[in-house]
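Colleague: coordinates only, sequence not included:
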């Protein structure tokens, strides 16, 4: 177990949990040390729970923290990264698998295909883009997979404010609020994952 991390969450017997989650997070660490702690704790606890992780493939920023925590706890993590970002983002060299896609759109599609659920940690424009895309697809009926925003000391507040503004200004229906959930930290995210049924997919971990 990585030094300084809390003990992993143990799942109650018989509780369902997603087999694979896609985690969206920043290629930078942000200014608040709590962001790094959350990424490390989430990675460790997903690994300890036997949940596979799909993420953006980098070894820097919160991406790197997440990946190292999963690997340090003996978990399985696959990176999905577009060709244009392999060198700038410095693709992680020690992952369980690395998928290189032709572009950003293909990256999101591949992450979607592999995941049972989506978790958004703090991040920048790229994290916002990935989260919004999954939210849009769910609104259109493309999928019904859970979209969970892991709020770390108010990090999800701007996202929620944008959604509320879109509703208030008549650009979105109030039902959009039901397409995602903002949860206060890693423990709440893991608890919520336990409540979702696992979907059947034939393409899991096909690299």
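Modeller: Arrived safely, thanks for sending. In this text, all values refer to a predicted model and were calculated from it rather than measured experimentally.
Colleague: separation between the residue nearest the centre of the chain and residue 137?
Modeller: With distances taken as C-alpha atoms, centre = their mean, residue 23 lies nearest the centre of the chain, 1.5 Å away. According to C-beta to C-beta, to the nearest Å, residue 23 stands 17 Å off from residue 137. From N, CA and C alone the C-beta is placed, and that goes for glycine too.
Colleague: Return the backbone torsion pair for residue 38.
Modeller: Torsion angles at residue 38 (phi, psi; degrees, to the nearest 10) stand at phi -70, psi -40.
Colleague: I meant to write residue 24 there.
Modeller: In terms of degrees, to the nearest 10, the main-chain angles of residue 24 are phi -100, psi 130.
Colleague: Help me confirm that it comes into contact with residue 121.
Modeller: Yes - using C-beta atoms under 8 Å, residue 24 is in contact with residue 121, at 6.9 Å.
Colleague: Can you pull the residues that touch both of those two?
Modeller: residue 127 (C-beta atoms under 8 Å, 6 or more residues apart in numbering).
Colleague: re earlier: show me what contacts the residue nearest to the centre of the chain?
Modeller: 42-43, 53-55, 66, 118-121.
Colleague: Just the ones of those in strands?
Modeller: Among the contacts of residue 23, the ones falling in strands (DSSP state E) are 53-55, 118-120.
Colleague: any chance of the residues you listed in TSV, with distance to residue 100, pLDDT and neighbour count too?
Modeller: Output for the ones in strands among the contacts of residue 23, formatted as TSV (distance: C-beta to C-beta, whole Å; pLDDT from 0 to 100; neighbours: other C-beta atoms under 10 Å):
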residue	distance to residue 100	pLDDT	neighbour count
53	18	97	27
54	14	98	27
55	14	98	28
118	21	98	26
119	23	98	28
120	23	98	27
